[in-house]
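Enquirer: I'd like to go over a predicted model; first the sequence, then the structure.
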Amino acid sequence: MHAIQALQAGGPDVLELVEVPDPTPGPGEVVVNAVAAGVNFIDTYRRGGMYPMPFPHIPGSEGAGTVTAVGEGVTSLAVGDTVAWADSPGSYAEFVRTTAARALKVPAGVDLDVAAAIPLQGLTAHYLATSTYPVQAGDTILVHAGAGGVGLLLTQLATARGARVITTVSSDEKEQLSRAAGAAEVIRYDLLKDLPVELPALVREVAGGGLPVVYDGVGRSTFDASLACLRPRGLMVLFGASSGAVPPFDLQRLNASGSLYVTRPSLGHYIATTEELQSRADGLFTAILDHSLDVRIGNRFPLAEARAAHEALEGRATTGKVILQVR
């Protein structure tokens, strides 16, 4: 089969289209003929060496497709079933091996490219809004990168729970997308000269004070401003680092700023059990089917162009979800 390999740690240029043996299912596993694979920042962290990985390796951990082979002991799935997955290494490939118990059956009415687009970012948005900080009616919250894959979904989920959502974006197009997703206020951080000073002032003016929570997937360039947007005992949710990792800092800053909380959540800890994984997926599929959640696929690249997909994602040239079309 064809697959993308990261040959060594480095930039997007280390990604190559190669031929590798087709996978075979072990006990409790299935093999899926992939229709599409999701592209996520965690793939770039692994490719670049931020997260330790063996090399060469096939990037990617999410996608959707049709089951073509079933391993010993699998009774929940059969050949021909359509499934999506969130945590199966080696997903930038024509065939992907995944654990049957962790595969998500795709309901009729949900396109497979949409199913491939939601496992990581959709499940992330779900746990952020419902578990890391359970958004409540009347909350005013801040979501950075409001036109990104997680940002658009998180804005919709939080708005549906009754929150007023402020977002940050970096272009006219992204502002329009964020407002269409339900953002009540959109701040163009690309137009600010002194982000750590100007952004908190704007947020506090719009919100009438500090916020109970800030969702920050950007990291280094927004972290200081995010902390300054919080009210006493507010929560900083740092769930990504698209601008780079946040340097170590003095924890006494949290005390001086109002007994603040900071958390660095990871999806794996919020879908650790199959029951929790399925519950979150069911919530997302239901919202898609009743049209209360719109999944925007902003960029589609052929599998062979994974390098270009990584360049676009890291260059912040994307909106919504980025997927690789496998077939």
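Expert: Looks like it came in fine.

Enquirer: So which residues of the stretch 1-150 of the chain form strands?
Expert: Counting by DSSP state E, counting those that start in this stretch, the segments of the stretch 1-150 of the chain that form strands are 2-6, 15-19, 29-39, 63-70, 82-85, 95-99, 104-105, 140-143.

Enquirer: Identify the residues contacting the second one?
Expert: The list of residues contacting strand 15-19 from outside it, by C-beta atoms under 8 Å, 6 or more residues apart in numbering, reads 1-7, 47, 59, 303-304, 306-307, 310. For every residue, glycine as well, the C-beta is placed using N, CA and C.

Enquirer: now do 10 Å
Expert: 1-7, 43, 47, 56, 58-59, 92-94, 302-311 (C-beta atoms under 10 Å, 6 or more residues apart in numbering).

Enquirer: Got a ChimeraX select line for the buried ones in these?
Expert: In ChimeraX, a selection of the buried entries from these looks like this (16 or more other C-beta atoms under 10 Å):
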select :3,4,5,6,43,47,58,59,92,93,94,303,305,306,307,309,310,311
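
Enquirer: Give me the subset of the contacts of strand 15-19 lying in helices.
Expert: Among the contacts of strand 15-19, the ones falling in helices (DSSP state H) are 43, 47, 306-311.

Enquirer: and those as TSV, adding distance to residue 134 and pLDDT?
Expert: Shown next, in TSV, are those (distance: C-beta to C-beta, whole Å; pLDDT from 0 to 100):
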residue	distance to residue 134	pLDDT
43	29	96
47	34	96
306	36	98
307	39	97
308	38	97
309	34	97
310	34	97
311	37	97
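
Enquirer: backbone phi and psi for residue 313, please?
Expert: phi -60, psi -50 (degrees, to the nearest 10).

Enquirer: number of nearby residues for it?
Expert: 22 (other C-beta atoms under 10 Å).

Enquirer: And it, how far from residue 166?
Expert: 24 Å (C-beta to C-beta, to the nearest Å).

Enquirer: burial count for residue 88?
Expert: 20.

Enquirer: residues in contact with it?
Expert: Counted by C-beta under 10 Å, 6+ apart, residue 88 has contacts 29, 32, 37, 60-63, 96-99, 102-103, 119.

Enquirer: for these, which one is nearest residue 276?
Expert: Of all these, residue 102 has the smallest distance to residue 276: 11.3 Å, by C-beta to C-beta.

Enquirer: I figured that closest one hits residue 87, correct?
Expert: Yes. Using C-beta atoms under 10 Å, residue 102 makes contact with residue 87 at a distance of 6.4 Å.

Enquirer: Between those two, which contacts overlap?
Expert: Going by C-beta under 10 Å, 6+ apart, residues that sit against residue 102 and also against residue 87 are 271, 277.

Enquirer: where exactly do the helices run in the stretch 101-250 of the chain?
Expert: Secondary structure of the stretch 101-250 of the chain by DSSP state H, counting those that start in this stretch: the helices cover 112-117, 119-127, 149-160, 172-180, 195-207, 223-228.

Enquirer: how about the longest helix seen in the chain: buried residues?
Expert: Ranked by residue count, the top helix of the chain under DSSP H comes out as helix 274-289. Residues of helix 274-289 classed as buried by neighbour count (16+ other C-beta under 10 Å): 277, 280-281, 283-285, 287-288.

Enquirer: again, but for stretch 140-158
Expert: 140-158.

Enquirer: swap in stretch 23-37?
Expert: 23, 25, 29-37.

Enquirer: quick one: low-confidence parts of the protein?
Expert: Scanning the chain for pLDDT under 70 picks out no residues.

Enquirer: just to revisit the earlier point, which of the contacts of residue 88 has the largest number of neighbours?
Expert: Top of those by neighbour count (other C-beta under 10 Å): residue 37, with 34 neighbours.

Enquirer: thinking again about what came up before, redo the buried residues of helix 274-289 as CSV? Include distance to residue 76.
Expert: Shown next, in CSV, are those (distance: C-beta to C-beta, whole Å):
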residue, distance to residue 76
277, 13
280, 18
281, 14
283, 20
284, 19
285, 17
287, 23
288, 22
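
Enquirer: ok so, going back, in CSV: the strands of the stretch 1-150 of the chain, plus distance to residue 264.
Expert: Shown next, in CSV, are the strands of the stretch 1-150 of the chain (distance: least, C-beta to C-beta, whole Å):
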stretch, distance to residue 264
strand 2-6, 24
strand 15-19, 27
strand 29-39, 22
strand 63-70, 26
strand 82-85, 24
strand 95-99, 26
strand 104-105, 26
strand 140-143, 17
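
Enquirer: wait, which of the ones you listed is closest to residue 182?
Expert: So among the strands of the stretch 1-150 of the chain, strand 140-143 is nearest, using C-beta to C-beta, at 10.4 Å.

Enquirer: Okay, domains of the protein per the record?
Expert: 2-118+295-325, 121-267 (automatic domain parsing).

Enquirer: how about those, which one is nearest residue 273?
Expert: Using C-beta to C-beta, the domains of the chain put domain 2-118+295-325 closest to residue 273, at 10.2 Å.

Enquirer: Surely residue 83 and residue 70 touch.
Expert: No. Between residue 83 and residue 70 there is no contact under C-beta under 10 Å: 11.4 Å.
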